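show me how the following folds:
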Amino acid sequence: MEEPKNKKNGALTAIAVTTTIGTELAITTLLGFYGGRLLDDKLGTEPWFLVAGVLAGVAAGIMSIVKTMQRFFK
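Okay, here's the model as predicted:
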């Protein structure tokens, strides 16, 4: 009995999606963190830009995850 083609690569697709989602969220959050920290150091407004940067990074990560999920599961 032959398996359908979409089941054959199911595990690899799941691993690829999970890895992509984790990487996107981590990178965008870290960029927001370091960008906010840099602005706080230059402007002396600690911790406001850091908090705003992390929140913006998480929001950007979520938007990127939604786009990734749409691309993988057309």
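
spatially central residue in the chain, please.
The residue lying closest to the centre of the chain (CA atoms, centre = their mean) is L25, at 2.1 Å.

pLDDT of the helix or strand harbouring that residue, averaged?
Applying DSSP states H and E as the criterion places L25 in helix 10-43. Averaged over helix 10-43, pLDDT sits at 94.

pull out the buried residues from that helix.
17, 20-21, 24-25, 28-29, 31-33, 35-37, 39-40 (16 or more other CB atoms under 10 Å). Bear in mind the C-beta positions are built from the backbone N, C-alpha and C, glycine included.

now do the helix or strand following that helix against helix 10-43, angle only.
The helix or strand immediately downstream of helix 10-43 is helix 48-72, counting by DSSP H and E. Compare the direction of helix 48-72 with that of helix 10-43 by axes from the mean of the first three to the mean of the last three CA atoms, to 10 degrees and you get 160 degrees.

give the other helices and strands that helix 48-72 contacts.
Under the contact definition 3 or more CB pairs under 8 Å, 6 or more residues apart in numbering; DSSP states H and E, helix 48-72 sits against helix 10-43.

got the phi/psi numbers for E46?
Note on E46: backbone dihedrals following degrees, to the nearest 10 are phi -50, psi 130.

next: F73.
Here is the backbone geometry of F73 (degrees, to the nearest 10): phi -120, psi 50.

and it, how far from I27?
F73 sits at a distance of 22 Å from I27 (criterion: CB to CB, to the nearest Å).

now do L50
Taken as CB to CB, the span from L50 to I27 is 17 Å.

residue contacts, A16?
Neighbour list for A16: F72 [criterion: CB atoms under 8 Å, 6 or more residues apart in numbering].

surely L43 and F49 touch.
Yes. In this structure, L43 is within contact of F49 by CB atoms under 8 Å, at 7.1 Å.

how near is T13 to R71?
12 Å.

who touches both of the two?
Here T13 and R71 share no contacting residue, scored by CB under 8 Å, 6+ apart.
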